[in-house]
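Enquirer: mind looking at a prediction? Sequence and model below.
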Amino acid sequence: MIDTWRLYPVLALAALAGASLWLERITRIEEPVAAVEHGGPDFVAEHTRLVGFGEDGRQRYELLAERLEHFPGSDITRLHEPRLHMQDAQRDTHISATRGDVSPGGERVDLEGKVQVRRPGSADALPLALDSETLTVWPDAHRAQTDSPVVLMRGDSRATAQGMRAD
């Protein structure tokens, strides 16, 4: 015959486990869905123009976009139909794409979709054209790079490559 006193601890542990499970379920706080992050941007601007200036007060670049959206969780700014005009004392460079993302702080612009770089010719330099599907640009540093295939045309010369860095 089984001693019933041996079952009391097992029954007490089962009751304690059941009570713990019940208590956990009734006190569980559902995590709220981050509506702003998953639901969209916190602000949108149409026909946007951003201008960056150098330490000397002269305009260094101008960034135009048909639509700008800022996402607060990642602090990324999405650009639709961006056009970047970079200027310095020697030359102007015009860059356009289908879309782009501006990094937090604005140091880097990642462009995607039909990226075109154009630089007009001058008395001592031939016109330049570059086409690619992606391009990362650092406007303040006047740097650009891509790992995508590129087609570079300078005057009558044409070159193709897998990737590029320009300083």
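Expert: Cool, got the structure.

Enquirer: what residues are up against the residue nearest the centre of the chain?
Expert: In the chain, the residue lying closest to the centroid (Cα atoms, centre = their mean) is residue 101, at 3.6 Å. With contacts taken as Cβ atoms under 8 Å, 6 or more residues apart in numbering, residue 101 has the following neighbours: 76, 77, 78, 79, 109, 110. For the C-beta atoms, the positions are set from N, CA and C on the backbone; glycine is no exception.

Enquirer: same thing but 6 Å
Expert: 76, 78, 110 (Cβ atoms under 6 Å, 6 or more residues apart in numbering).

Enquirer: tell me the bridge partners for the nearest residue to the first one once chain neighbours are set aside.
Expert: Think residue 76. Excluding the flanking residues, the one nearest residue 76 by Cβ to Cβ, 6 or more residues apart in numbering is residue 101, at 5.3 Å. Beta bridges link residue 101 to residue 78, residue 110 when assigned by DSSP bridges.

Enquirer: can you map out the helices along the chain?
Expert: 7-27, 35-39 (DSSP state H).

Enquirer: rank those helices by pLDDT, which is bottom?
Expert: Lowest mean pLDDT of the helices of the chain: helix 35-39, a mean of 47.

Enquirer: list the buried ones in stretch 124-136?
Expert: Of the residues in stretch 124-136, those with enough neighbours to count as buried (16 or more other Cβ atoms under 10 Å) are 128, 130, 131, 132, 134, 135, 136.

Enquirer: which of these fall in strands?
Expert: If you go by DSSP state E, the buried residues of stretch 124-136 have 128, 130, 131, 132, 134, 135, 136 in strands.

Enquirer: kindly export stretch 53-68 (C-alpha atoms) in CSV.
Expert: Included here for stretch 53-68 are C-alpha records, laid out as CSV according to Å, rounded to 0.1, in the frame of the first residue of the first chain:
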residue,chain,number,x,y,z
PHE,A,53,28.0,75.1,-46.0
GLY,A,54,31.8,74.8,-45.4
GLU,A,55,33.7,76.4,-42.6
ASP,A,56,34.4,79.4,-44.8
GLY,A,57,30.6,80.0,-45.1
ARG,A,58,30.5,79.1,-48.8
GLN,A,59,27.9,76.6,-50.1
ARG,A,60,29.4,73.1,-50.5
TYR,A,61,26.4,71.1,-51.5
GLU,A,62,22.7,71.3,-52.2
LEU,A,63,20.4,68.2,-51.8
LEU,A,64,17.0,68.3,-53.5
ALA,A,65,14.4,65.6,-53.1
GLU,A,66,10.8,65.2,-54.3
ARG,A,67,9.9,63.7,-51.0
LEU,A,68,11.7,63.3,-47.7
